[in-house]
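# here are the coordinates; sequence isn't available:
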């Protein structure tokens, strides 16, 4: 069940868009299509992951659309994507929040990390991911149903319960990032949201 404040379904991403290929130190090496970056074991490329909270401290989580190639219908953090060739991270995060959630929000960079995870036999994530936190209130959202199957705001204990539920389909990067934010960057997040 998708909540009522849903924007129009718009296709905003494709396998042909050009992503930024990087090395382990996040130096740009060139561009490849999104499809090529996610084929096989994946090619390391730049990405971002946003954690948007409301004023009550609840985290916006989303269930990825069924049409997603990787991790369809899995629960993930508020918004994830990639800067396209020629885009700064600030441009990319603002574009994607609007495309996916219909919202603008000031963001605070927290950390970046490299990870690689395969999904069945359909491809893999291999990303140098920049992690941000910010605020977005429920009344502002206009989620794009082409990107999200469902969404909700969860308190920290509810997110922990989702992570602990063996039956819950939770995206691997969401698990990693939530754990790291809580174990290493709790004060940074609290300061950013103060």
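It's in. Every value quoted in this text rests on a predicted model; they were computed, and no experiment measured them.
# how many other residues sit next to residue 148?
By other CB atoms under 10 Å, 24 other residues sit near residue 148. In this view, the C-beta of every residue, glycine as well, is placed from N, C-alpha and C.
# host element of the closest residue in space to it that isn't next to it in sequence?
Of all residues not flanking residue 148 in the chain, residue 62 sits nearest, at 4.7 Å (CB to CB, 6 or more residues apart in numbering). Per DSSP states H and E, residue 62 falls inside strand 59-64.
# tell me what the host helix or strand of residue 187 is packed against?
Counting by DSSP H and E, the element that carries residue 187 is helix 186-193. Secondary-structure packing of helix 186-193 (3 or more CB pairs under 8 Å, 6 or more residues apart in numbering; DSSP states H and E): strand 107-119, strand 123-135.
# apart from its neighbours in sequence, what residue is nearest the spatially most central residue of the chain?
In the chain, the residue lying closest to the centroid (CA atoms, centre = their mean) is residue 80, at 1.9 Å. Excluding the flanking residues, the one nearest residue 80 by CB to CB, 6+ apart is residue 49, at 4.8 Å.
# over to residue 159?
That would be residue 59: by CB to CB, 6+ apart, it lies 5.6 Å from residue 159.
# show me the contacts for the one you found.
51-53, 77-78, 153-156, 159 (CB atoms under 8 Å, 6 or more residues apart in numbering).
# now with 6 Å?
Residue 59 makes contacts with 53, 154, 159, as judged by CB atoms under 6 Å, 6 or more residues apart in numbering.
# which strands and helices sit next to whatever helix or strand residue 150 lives in?
In the assignment (DSSP H and E), residue 150 maps to strand 148-154. Packing partners of strand 148-154 (3 or more CB pairs under 6 Å, 6 or more residues apart in numbering; DSSP states H and E): strand 59-64.
# after the strand it packs on, which helix or strand is next?
strand 75-76.
# sorry, back to before: buried stuff in the strand holding residue 150?
Burial within strand 148-154, assessed by neighbour count using 16 or more other CB atoms under 10 Å, is assigned to 148-151, 153.
# low-confidence stretches in the protein?
1-9, 11-12 (pLDDT under 70).
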